[in-house]
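**Q** Based on what follows, work out the 3D shape:
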Amino acid sequence: MSVWSLHYANNYLQGKYGDGEEVGLSVEKMWSLSEAVRTWTFSNAVTLEHPPHKTIRKNNAVFDVVVSDHLPFWRRLEKGKWEPGTFTVLDQLLTTDSVYFDIGTWIGPTLMYAAHKADICYGFEPDPLAFRELECNLKLNAHTAWAKNILIENKAVSNQNGSIVLSSRGEGGDSMSSTILNRSESQQHWNVETTDLVAALSPLAGKNRHVLLKIDIEGGEYELLPAVSGRLKDSGCDICLSLHPEIYLKSISPDISDGVSSRLRARIKLALMHWHIYRMMPHRPRTKDGRRIWIFREICKCLSGVKPEKDWVSAKIWSSGN
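**A** You can find the predicted model right below:
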């Protein structure tokens, strides 16, 4: 690949590209230009026909991603500093016969990783900015065999087909968009389509296929899971679940100046929600590092204000033992 060569003399920086193209500016102006190009590229790369990209390597998975303001995230992922437990779960549970549902796909880190291992991968991401970057990332990998295993939808997952309001504290695209944020704490809103989770799973019923659901939807799990509890429990799916109790508490008790009784009612509601989610799991849940979830301990945490376990894995092969 052609690269720039730089030559400096008398505070003048001469840049020459591999194909012979040249540009010359003072060091100050060249630095200013590089910063402007970087900012413009981060903001517009996903709209380009041939966007600049970076190759990411995670364990045995290799994929290209668009150069955007998420580059620091991708560096953290490569160094094992972003959700290492999630990748351990994917490594242990996914096989070439698995069907993987990535609910809350964001820009595709776990979806693209899982596609190297599973037979079919479905990704659901309602945030329009995140989805645009997800599409761009998949387009960059369209030539690979694993990318052909992926199907994506710009939808939220719910207990029915329809629509719902998705909100973000910022401009969106940052993995933090949620369907339960209060209007007072959000800056951006979208009316997004929803797809019925159980209907999406129904074609797999009775086919003896291993199914893994990864659910990470920024508090929306507290509305989704109770609504599909009976049908999901009977499905026998493995589930990798991220809980966001702090977002849920804020949604049901938004005013921190509320009295003690109001805050206590909110914590009781949170504890009951954790109990309900525990009861609906198809298999006995554990943490991502294999520790058993003791639900009465989690209820006590909810009631006392201690942070409960946020990552639950309900997997058949993990459900036995102490």
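
**Q** which SSE is Leu138 in?
**A** helix 128-140 (DSSP states H and E).

**Q** Also Ala142?
**A** Judged by DSSP H and E, Ala142 forms part of no helix or strand.

**Q** Could you list the paired strands of the next helix or strand after the helix holding Leu138 along with their orientation?
**A** Downstream of helix 128-140, the first helix or strand assigned by DSSP H and E is strand 150-153. Paired neighbours of strand 150-153 in the sheet (DSSP bridges): strand 120-124 (parallel).

**Q** Please report phi then psi for Arg169.
**A** Torsion angles at Arg169 (phi, psi; degrees, to the nearest 10) stand at phi -70, psi -20.

**Q** go on, Gln160?
**A** Torsion angles, degrees, to the nearest 10, at Gln160: phi -160, psi 160.

**Q** burial of Arg267, as a residue count?
**A** Using other CB atoms under 10 Å, the number of residues around Arg267 comes to 20. No exception for glycine: its C-beta is placed from N, CA and C like everyone else's.

**Q** in the stretch 201-322 of the chain, which spans are helices?
**A** Under the criterion DSSP state H, counting those that start in this stretch, the stretch 201-322 of the chain contains helices at 221-227, 229-235, 245-252, 260-280, 295-304.

**Q** TSV for those helices, including distance to Leu140?
**A** What follows is these, written out as TSV (distance: least, CB to CB, whole Å):
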stretch	distance to Leu140
helix 221-227	30
helix 229-235	34
helix 245-252	32
helix 260-280	37
helix 295-304	41
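
**Q** Now the weakest link among those, please, by mean pLDDT.
**A** Of all those, helix 229-235 carries the lowest average pLDDT, namely a mean of 81.

**Q** so Leu213 sits right up against Val99, yeah?
**A** No: counting by CB atoms under 8 Å, Leu213 sits too far from Val99 to count as a contact (9.6 Å).

**Q** if we can go back for a sec, which parts of the helix holding Leu138 are buried?
**A** 129-140 (16 or more other CB atoms under 10 Å).

**Q** Can you lay out those residues as JSON lines showing distance to Asn159?
**A** As requested, the buried residues of helix 128-140 are exported to JSON lines (distance: CB to CB, whole Å):
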{"residue": "Leu129", "distance to Asn159": "25"}
{"residue": "Ala130", "distance to Asn159": "22"}
{"residue": "Phe131", "distance to Asn159": "21"}
{"residue": "Arg132", "distance to Asn159": "27"}
{"residue": "Glu133", "distance to Asn159": "28"}
{"residue": "Leu134", "distance to Asn159": "24"}
{"residue": "Glu135", "distance to Asn159": "26"}
{"residue": "Cys136", "distance to Asn159": "31"}
{"residue": "Asn137", "distance to Asn159": "29"}
{"residue": "Leu138", "distance to Asn159": "27"}
{"residue": "Lys139", "distance to Asn159": "32"}
{"residue": "Leu140", "distance to Asn159": "34"}
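
**Q** Please consider this matter closed, and thank you.
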